[in-house]
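**Student:** show me the folded form of this:
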Amino acid sequence: MTNSKLTRLLAFFILILAANATAQEINITSYVDKTKVGVNDNFQLTVEVSGENISRVSDVQLPDLEGFRVVGTSSSRSSSHSISGGRMTSTVTRSNIYTLRPERSGYFLIPPISVQSRGETYATEPIRIEVVEGSTEPPPPVSEQFRQPDPEGERLEDNIFIVAEVPKTKVFRGEPLVVRYKIYSRYDLSNLSFVSEPNFEGFWKDDIFFADRMNFRRETYQGRMFNAMLLREIALYPSRSGTLTIPPFSIRADIILRRRSFWDFDSTRRVNINSKPIDIEVMSLPTADVPDSFTGAVGRFNVDATISETDVKVGDPITITLNISGSGNFQHFDPPQLADLPFLRILSPEIKVESSVSNNSVTGTKTISYPVIITQEGSLEIPAVHFSAFDTQREEFYTVASQPFVLEAEAVGQPTLFAGRRSQQDVVIEGQDIFYIRRQANLKSFKPVINNWTFNLLWLLTIATLPIAFIYGKEREKMIKDTAHLRQKLARKILRKYLKLATIGAKNGDMAFYVNAANGLSNYLTDTLKIPRGSTNEEIFENMRSSGYPVEYLERTRKIINKCLEARFKPGGFDKNRINEDYQELTAVISALSNYKNGKQRG
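**Tutor:** Numbers count the residues shown, from 1 in each chain. Below you'll find the predicted structure:
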């Protein structure tokens, strides 16, 4: 067999293996053109099956449609191609369109419609239909030359709206509640921008996702097909019990109005869209049988501990690390305390939190590193660390514990004795028993150390550094006890980190500039003003006003933050020149704010 034939045969087998190895993802969806119809009306039910290879997918078979009869059918087939990561993928869509007519008025349900492929069953969601007497169709249109379409007469709220999705409306205090804001639209949109930041009164808030560009996908909602997009995802933690309200989330949208004739031009209509508020019932945690080791944790957690070393010397620092993993309010409970032992000196712990959202739960790990110093020699036992939390599913407190540790601490500066093979005996001086005194020796004169200039210089430096050491100790003690003061001291350092990222984005003309600018400026202001992170923009501006910042600086800050919010949804973003202009304004605002502290201008 020649090499060319062998090569073609090998390529043929590779293609067959690749085709069989390709994972076949099948999607099926159904939707109707309207969910409210009259008895005298017809409406269309569309069933779409899509995937890379749907040749082995069974044909669509409609189930029994109570209250409707099929008066017509049609089908179509289409394909699309895309290239991602150097690989071209093809998606084939098969559409079955059914024309249905109601048989009587009332509320009816189109049940799930299913297909089979490779032993798997795929099904659609049910669709609820309202049938009324008469007809819901508008009167037939007049001739084209007299037709005057009136977009104002359409129900805008039926074709574009925001839905706030929550997994439940009854939670415990401190329990994470994931909120997802999605926009559904049947219009073509040219721009989206935020109106204002909601005030989540009664909640702590952690941002999870914030859309920075328009990315719509087709999605069925209540039986109708829309272009849908996730706008924002946050985690809320109720800080008090009672009925709390998740406020409306508002955006501004520009709807594209297509031209009506050859001589017209496309135009836009700006509308404000709001989600509906949601009432949340917040239950208090039980007050009976609260463990002593409970520090506010709500959720399901596991605890594991490690120690840097177990053979130490007195005075040496070691680190005890506690890892708390699971799901719950990681950011909103205090770290557990190590046991108060006479041989341990415990320093301020370092805390690191990594969390994400999975299945409407906040999961992650909270790592707490305790630096400790051993102050006593011997075999020392550090008992287990107990950690308590409240389980919202079982509605009870529980306690978990880490493993204990045993240390071997050796004293510093003490001689170490080793067992020898010879027994102890008296000292024997061999060879002589008298040492003679030397009568002639060149003895040097002795100068007291106090007269040495090096000693005096070191003494003066020691005295001079005592006030510095005292001030440093007081400042460190204040930072350990006062977290707000510590945040204020670190505000500039955190701002520099975000400003560095924003500078890189500005040089590259990247929209990430606006994300880093907004986050950096917001964190800097909340830390400087000593208010909680996650405070709304209006709360930040109000605290700036009460702290004495000039109105001019307040308005410039408001303008740059609003511009950052607007840029997130600007199609294609701003051009590089606009980004550079905004970068210059950002640095000017930060410079101005840095010259003010507690409402007083720095010299």
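
**Student:** how distant is stretch 27-35 from the center of its chain?
**Tutor:** Computed by Cα atoms, centre = their mean, to the nearest Å, the chain-centroid distance of stretch 27-35 equals 33 Å.

**Student:** just stretch 171-181 next, same as before
**Tutor:** Stretch 171-181 sits 14 Å away from the centroid of its parent chain (Cα atoms, centre = their mean).

**Student:** kindly report the same for stretch 383-390.
**Tutor:** 27 Å.

**Student:** and stretch 367-386, by the same measure?
**Tutor:** 34 Å.

**Student:** and what of stretch 503-521?
**Tutor:** 18 Å.

**Student:** measure it end to end?
**Tutor:** Using Cα to Cα, to the nearest Å, the end-to-end distance of stretch 503-521 comes out at 13 Å.

**Student:** ok, now stretch 369-379?
**Tutor:** 23 Å.

**Student:** quick one, helices of the stretch 51-200 of the chain?
**Tutor:** Remark: helices assigned in the stretch 51-200 of the chain by DSSP state H, counting those that start in this stretch are 156-159.

**Student:** same check on the chain?
**Tutor:** 3-21, 156-159, 453-481, 483-508, 512-529, 537-546, 551-567, 576-594 (DSSP state H).

**Student:** packing partners of the fifth one?
**Tutor:** Using 3 or more Cβ pairs under 8 Å, 6 or more residues apart in numbering; DSSP states H and E as the contact criterion, the neighbours of helix 512-529 among helices and strands are helix 483-508, helix 537-546, helix 551-567, helix 576-594. No exception for glycine: its C-beta is placed from N, CA and C like everyone else's.

**Student:** buried residues, the shortest one. List them.
**Tutor:** This points to helix 537-546. Of the residues in helix 537-546, 537, 539-541, 543-544 count as buried by neighbour count, 16 or more other Cβ atoms under 10 Å.

**Student:** between it and helix 576-594, how many degrees?
**Tutor:** Going by axes from the mean of the first three to the mean of the last three Cα atoms, to 10 degrees, helix 537-546 is angled at 40 degrees with respect to helix 576-594.

**Student:** hey, least reliable of the helices of the chain by pLDDT?
**Tutor:** Per-stretch mean pLDDT for those is lowest at helix 3-21 (a mean of 50).

**Student:** now do the strands in the stretch 101-250 of the chain.
**Tutor:** Under the criterion DSSP state E, counting those that start in this stretch, the stretch 101-250 of the chain contains strands at 106-110, 114-117, 120-123, 127-132, 160-165, 170-172, 177-185, 189-194, 203-210, 217-221, 224-238, 242-246, 250-257.

**Student:** pipe those into a markdown table and attach mean pLDDT per row.
**Tutor:** Shown next, in a markdown table, are those (pLDDT from 0 to 100):
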| stretch | mean pLDDT |
| --- | --- |
| strand 106-110 | 93 |
| strand 114-117 | 88 |
| strand 120-123 | 88 |
| strand 127-132 | 92 |
| strand 160-165 | 93 |
| strand 170-172 | 96 |
| strand 177-185 | 94 |
| strand 189-194 | 83 |
| strand 203-210 | 89 |
| strand 217-221 | 90 |
| strand 224-238 | 92 |
| strand 242-246 | 94 |
| strand 250-257 | 84 |
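
**Student:** now those strands as CSV including distance to residue 467 and mean neighbour count?
**Tutor:** Compiled in CSV, these are given as follows (distance: least, Cβ to Cβ, whole Å; neighbours: other Cβ atoms under 10 Å):
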stretch, distance to residue 467, mean neighbour count
strand 106-110, 81, 16
strand 114-117, 80, 16
strand 120-123, 76, 13
strand 127-132, 77, 17
strand 160-165, 57, 17
strand 170-172, 51, 16
strand 177-185, 51, 21
strand 189-194, 51, 18
strand 203-210, 41, 17
strand 217-221, 65, 14
strand 224-238, 44, 20
strand 242-246, 51, 16
strand 250-257, 56, 17
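
**Student:** hang on, the earlier thing: want to try CSV for the helices and strands packed on helix 512-529, with distance to residue 58 as columns?
**Tutor:** Formatted as CSV, the helices and strands packed on helix 512-529 follow (distance: least, Cβ to Cβ, whole Å):
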stretch, distance to residue 58
helix 483-508, 50
helix 537-546, 54
helix 551-567, 48
helix 576-594, 53
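
**Student:** what's the closest of the ones you listed to residue 50?
**Tutor:** With Cβ to Cβ as the criterion, residue 50 lies closest to helix 551-567 of those, at 34.1 Å.

**Student:** so what angle separates the directions of the closest one and strand 203-210?
**Tutor:** Using the same axes, to 10 degrees: helix 551-567 against strand 203-210 is 50 degrees.

**Student:** and the angle from helix 551-567 to helix 512-529?
**Tutor:** Angle, helix 551-567 to helix 512-529, by the same axes, to 10 degrees: 140 degrees.

**Student:** distance from helix 551-567 to the middle of the chain?
**Tutor:** The chain centroid and the centroid of helix 551-567 are separated by 24 Å under Cα atoms, centre = their mean.

**Student:** can you check stretch 283-303 too?
**Tutor:** 24 Å.

**Student:** what does stretch 397-408 give?
**Tutor:** 31 Å.

**Student:** report the buried residues of that stretch.
**Tutor:** Under the neighbour-count criterion of 16+ other Cβ under 10 Å, stretch 397-408 has 397, 400, 402, 405, 407 buried.

**Student:** which outside residues touch it?
**Tutor:** Residues outside stretch 397-408 that contact it (Cβ atoms under 8 Å, 6 or more residues apart in numbering): 286, 289-291, 293-294, 301-305, 307, 310-312, 318, 320, 322, 374, 379-391.

**Student:** run the last query once more with 7 Å
**Tutor:** 289-291, 293-294, 301-305, 307, 310-312, 322, 374, 379-391 (Cβ atoms under 7 Å, 6 or more residues apart in numbering).

**Student:** please apply the same query to stretch 369-380.
**Tutor:** 312, 314-321, 338, 342-347, 349-350, 406-411.

**Student:** mind listing what's buried along that stretch?
**Tutor:** Neighbour counts using 16+ other Cβ under 10 Å place 369-370, 372, 374, 377, 380 of stretch 369-380 among the buried residues.
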